[in-house]
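Student: Give me a model of this one.
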Amino acid sequence: MWTYILRRALYSIPILLGVNLITFLLFFMVNTPDDMARIQLGAKHVTQADVHTWKEEKGYNKPLFINIDQSGSAILTDTIFYQKSIPLFQLDFGHSDSGRHCSAHVAVISLGHSILYYCADYQHRFCHVDGDVARH
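Tutor: Residues are numbered from 1 along each chain as shown. Next up, the predicted model:
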C-alpha cells in the first residue's frame, strides 16, 4: 500500500511540471510582457518607459527560459519561468499583477468554505425527503 502511495506521489511530480510548463507556454504565446504592461497601465498614452518600468517592478524584464547574460546556475534561475513557477510548488502563490495577495492560506480558507457549502448542499438534497430524514 505504501509503495503504491509513494509511486503515485512520484508520478505527480512530472505531471505537475508538465502542466505548469504547458500553461506557461500557452500564456506567454498569447500575452507578451509588453502586452501585459499595457493592459495593466491602460492602453491609451502609455510610453515605452512606463512599460519598461512596469516590467522591472513585476519581474517580467528577464528572459523566459534561459538567461545567456548570466553564468552558472543563474542561467536557468534568473528567468521568468523559474521565478514565477518554483514558488508555486512551495505553495507560495505571491501577488497577482493587479496587487491582490494569493496565498495558500487564502486558498485553504476558500477551499474550506467550498467544502462546507458542498456538505450542506449534500445533506439538504439527499438526507431530507419532504421534511423527514431519509433512511439509507
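Student: gap between residue 86 and residue 92?
Tutor: Separation of residue 86 from residue 92 (CB to CB, to the nearest Å) stands at 9 Å. For the C-beta atoms, the positions are set from N, CA and C on the backbone; glycine is no exception.
Student: which helices and strands does the host helix or strand of residue 4 pack with?
Tutor: Following DSSP states H and E, one finds residue 4 within helix 2-30. Helices and strands touching helix 2-30, by 3 or more CB pairs under 8 Å, 6 or more residues apart in numbering; DSSP states H and E, are helix 80-89.
Student: which residues sit against the helix it packs on?
Tutor: In this structure, residues lying in contact with helix 80-89 by CB atoms under 8 Å, 6 or more residues apart in numbering are 16, 20-21, 24, 28, 33, 59-60, 62-65, 76-77, 93-94.
Student: make it 6 Å
Tutor: 20, 24, 59, 62, 64-65, 94 (CB atoms under 6 Å, 6 or more residues apart in numbering).
Student: any chance of those residues in JSON lines, plus neighbour count, pLDDT and secondary structure?
Tutor: Listed next are the contacts of helix 80-89 as JSON lines, based on neighbours: other CB atoms under 10 Å; pLDDT from 0 to 100; DSSP: H, G, I helix; E, B strand; the rest coil:
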{"residue": "20", "neighbour count": "16", "pLDDT": "88", "secondary structure": "helix"}
{"residue": "24", "neighbour count": "16", "pLDDT": "88", "secondary structure": "helix"}
{"residue": "59", "neighbour count": "13", "pLDDT": "84", "secondary structure": "coil"}
{"residue": "62", "neighbour count": "19", "pLDDT": "89", "secondary structure": "coil"}
{"residue": "64", "neighbour count": "15", "pLDDT": "86", "secondary structure": "coil"}
{"residue": "65", "neighbour count": "15", "pLDDT": "88", "secondary structure": "coil"}
{"residue": "94", "neighbour count": "13", "pLDDT": "70", "secondary structure": "coil"}
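Student: Before I go, just wanted to say thanks for your time.
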